[in-house]
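Colleague: Below is the structure, and that's it, no one-letter string:
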């Protein structure tokens, strides 16, 4: 099945810094989503982005489907950005199933 | 509009006991999913449903059963709980693109 790898596994930032999180996947995808899991465990949709670029406030994401990777950019980080960021993909066989990466754990220090 | 809700939020079981987790969504979504999340890991798909009356196996289906008798509800059953099923369980629903997650159920099997 499709493999999803995220990097880095852990990231510590000072408040105000910028960061880039990466997601590599091993096959073509129909669906790619980025989620933020906050410290209380809630999974929050950030982007649905199987291809192209999207922006939402301080966050933006780019997926280059032909090269099988996606990037999540966080600018001017805040302590509330702390948590785990997951990339999840649905394989090209239209199976409706999301395969999750193991996540990037982000800690933003004040 | 409550989105995706899960009942209960916490549960402690003894080995061999049974229980049912309830997921409900009010977004009229066709697709529903059950995932488990173990410490330090991403989510893994247990079972899913592409419509009322249908179910299918995901990555880790053993030891679980599901039912989708009504479009808005998706039940996850553990017939004989084992310590290896200690985990946080998330339900999700989607139309064709983004998946939306419930708050999770923390289950401990002693």
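Modeller: Here it is on my side, so go on. Note that this is a predicted model, so its numbers are computed, not measured.
Colleague: secondary structure class for residue B:6?
Modeller: strand (DSSP: H, G, I helix; E, B strand; the rest coil).
Colleague: Enumerate every residue touching it.
Modeller: Residues near residue B:6 by C-beta atoms under 8 Å, 6 or more residues apart in numbering or on different chains: B:21-24, B:89-91, B:102-105. For glycine as for every other residue, the C-beta is placed from the backbone atoms N, C-alpha and C.
Colleague: Repeat that for residue B:36.
Modeller: Counting by C-beta under 8 Å, 6+ apart, residue B:36 has contacts B:43-44, B:46, B:60, B:87-90.
Colleague: go on, residue B:31?
Modeller: Contacts of residue B:31 by C-beta under 8 Å, 6+ apart are A:96, B:48-51, B:93-95, B:99.
Colleague: ditto for residue A:20
Modeller: Contact partners of residue A:20, counting by C-beta under 8 Å, 6+ apart, are A:71-74.
Colleague: same thing with residue B:97?
Modeller: Residue B:97 neighbours (C-beta under 8 Å, 6+ apart): A:31, A:48.
Colleague: follow-up on the earlier one: the contacts of residue A:20, buried ones only, as a ChimeraX selection?
Modeller: Burial among these is assessed by 16 or more other C-beta atoms under 10 Å in any protein chain shown; the matching ChimeraX selection reads:
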select /A:71,72,74
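Colleague: Within reach of chain B, which of the contacts of residue A:20 are there?
Modeller: Residues of the contacts of residue A:20 in contact with chain B (C-beta under 8 Å from any C-beta of the partner chain): none.
Colleague: Who's the closest spatial neighbour of the residue of chain A found nearest chain B, skipping the chain neighbours?
Modeller: Residue nearest to chain B within chain A: residue A:100 (3.4 Å; C-beta to the nearest C-beta). Nearest residue to residue A:100 in three dimensions, chain neighbours excluded: residue B:42, at 3.4 Å (C-beta to C-beta, 6 or more residues apart in numbering or on different chains).
Colleague: What is the burial count for that neighbour?
Modeller: 21 (other C-beta atoms under 10 Å in any protein chain shown).
Colleague: correct me, but residue B:75 touches residue B:66?
Modeller: Yes: if you go by C-beta atoms under 8 Å, residue B:75 and residue B:66 touch, sitting 6.3 Å apart.
Colleague: Same drill for the two, tell me which one is more crowded.
Modeller: residue B:66 (23 against 18).
Colleague: Backbone dihedrals for that one, please?
Modeller: phi -140, psi 160 (degrees, to the nearest 10).
Colleague: With residue A:65 instead?
Modeller: Residue torsions, per degrees, to the nearest 10, at residue A:65 are phi -60, psi -40.
Colleague: Mind listing the residues bridging to the residue of chain A closest to chain B?
Modeller: residue A:88 (DSSP bridges).
Colleague: what sits against it?
Modeller: So residue A:100 contacts A:4, A:86-88, B:35, B:42-44 (C-beta under 8 Å, 6+ apart).
Colleague: who wins for neighbours among these?
Modeller: residue A:87 (33 neighbours).
Colleague: quick one: what helix or strand has the nearest residue to that one once chain neighbours are set aside in it?
Modeller: Excluding its sequence neighbours, the residue lying closest to residue A:87 (C-beta to C-beta, 6+ apart) is residue A:23, at 3.4 Å. Assigned by DSSP states H and E, residue A:23 belongs to strand A:19-25.
Colleague: for residue A:80, helix, strand, or coil?
Modeller: helix.
Colleague: All set, thanks.
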